[in-house]
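>>> Structure for this input, please:
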Amino acid sequence: MKYWLYLVAKLAVVLGVAWGLQACLQHLYPTPEPPLARFGPPPPLFLHDMLFTFCVMAIWLFTSGLIYLAYWDQRRRCRSCLRQLIMPLKRGSWGHMVLIGRPTTQMICPFGHGTLSIEELQITGRQYPDWHRHDDNIWKELESYGRAGK
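Next up, the predicted model:
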């Protein structure tokens, strides 16, 4: 739950920045004088003033980039403690997929909460990263390897 709330908070900050940039543009951009023969409110600046329209487009592109960066950062975080995952490990082989396995990248939480496996080969469509939660006792798995070697 904390993982998704953190993503929502990041997206709220990005949208707040976008709203602030749009408000600054509206405030700082000079409004044209209405013609004398025209009655009623002046036309909106968007799509009627080229420079204003390009500024709005630049703000939209900047906001899209920030949303992508927030999502990209979120994918590589631990689902429990929200720290960046570390130690990427490449598994599998492009040349020997049948013998060794499909190429994947695995990353682990620095505190041992879990492992993220990302498939590098997308044959049947987009495959989402697979999160494996570890047991609370991180030494249990290492002790089992020591017993198996005796």
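
>>> Give me the distance between the two termini of stretch 121-128.
The first and last residues of stretch 121-128 sit 11 Å apart, counting by CA to CA, to the nearest Å.

>>> what helix or strand does the residue nearest to Q74 when sequence neighbours are not counted sit in?
Leaving aside its chain neighbours, Q74 sits nearest to L7 (4.9 Å; criterion: CB to CB, 6 or more residues apart in numbering). C-beta coordinates here come from the backbone N, C-alpha and C atoms, glycine included. For L7, the host element (DSSP states H and E) is helix 2-28.

>>> Okay, buried residues for the helix or strand L61 falls within please.
Here L61, judged by DSSP H and E, is contained in helix 50-75. Neighbour counts over helix 50-75 (16 or more other CB atoms under 10 Å) mark F52, C55, V56, I59, T63, L66, A70 as buried.

>>> quick one, that helix and helix 2-28 angle?
Angle, helix 50-75 to helix 2-28, by axes from the mean of the first three to the mean of the last three CA atoms, to 10 degrees: 170 degrees.

>>> The next helix or strand after helix 50-75 - contacts with which helices or strands?
As assigned by DSSP H and E, the chain's next helix or strand after helix 50-75 is strand 86-91. Packing partners of strand 86-91 (3 or more CB pairs under 8 Å, 6 or more residues apart in numbering; DSSP states H and E): strand 104-108.

>>> Show me what the strand it packs on is packed against.
So strand 104-108, by 3+ CB pairs under 8 Å, 6+ apart, packs with strand 86-91, strand 114-119.

>>> and these, which is most packed in?
Highest mean neighbour count among the helices and strands packed on strand 104-108 (mean count of other CB atoms under 10 Å): strand 114-119, with a mean of 17.

>>> got any ranges where the protein has weak pLDDT?
Where the chain drops to pLDDT under 70, the residues are 32-40, 42, 137-139, 141-142, 144-150.

>>> Which residue ranges make up the domains of this protein?
The chain breaks down by automatic domain parsing into domains covering 2-75, 86-148.

>>> just checking, Y29 touches L45?
Yes - the criterion here is CB atoms under 8 Å, and Y29 meets it with L45 at 6.8 Å.

>>> Let me know the helix or strand that L45 is in.
Counting by DSSP H and E, L45 is part of no helix or strand.

>>> Can you report how many residues neighbour it?
Neighbour count of L45, defined by other CB atoms under 10 Å: 19.

>>> any idea how far H113 is from S80?
Relative to H113, S80 is positioned 4 Å away (criterion: CB to CB, to the nearest Å).
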